[in-house]
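Novice: Make a model of this:
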Amino acid sequence: MNEGKMAVNRLKSVLLKDKLNMSEGFMRALKNDLGRVLSYYMALRQDEGIEVLVESADGGYTVRIKATADGIRQIRAV
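Specialist: Next comes the predicted model:
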């Protein structure tokens, strides 16, 4: 991704967080928690990280999560 696109994406992220009144610490905690939950079920690629997009719509929120995994973990059901 070139520097111009990265700057535009960063600005969009900052404006969205400001609009939703979400601090940087909140987003960091959300990503960390989602990463822990997803890694319990999947072998996530750590080098690609987790992307979280929160949008405000119709009085609620839409949350989109993007993560890449190399595989699904085998979980023993009780």
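Novice: What ranges does this protein have for its strands?
Specialist: Ranges of strands in the chain, per DSSP state E, are 42-44, 51-57, 60-66, 69-72.
Novice: Can you report how many residues neighbour Met42?
Specialist: Using other C-beta atoms under 10 Å, Met42 is surrounded by 15 other residues. Every residue, glycine included, has its C-beta placed from N, CA and C.
Novice: Report how many residues lie close to the closest residue to it other than its chain neighbours.
Specialist: When the adjacent residues along the chain are set aside, Met42 lies closest to Ala69, with 3.8 Å between them (C-beta to C-beta, 6 or more residues apart in numbering). By other C-beta under 10 Å, the residues close to Ala69 number 14.
Novice: Can you give me every residue that contacts Ala69?
Specialist: 38, 42-45 (C-beta atoms under 8 Å, 6 or more residues apart in numbering).
Novice: what stretches of this structure score poorly on pLDDT?
Specialist: 1, 12-19 (pLDDT under 70).
Novice: Wait, Tyr41 touches Ile72, no?
Specialist: Yes. Look at Tyr41 against Ile72 with C-beta atoms under 8 Å: they come within range, at 6.8 Å.
Novice: Many thanks, we can stop here.
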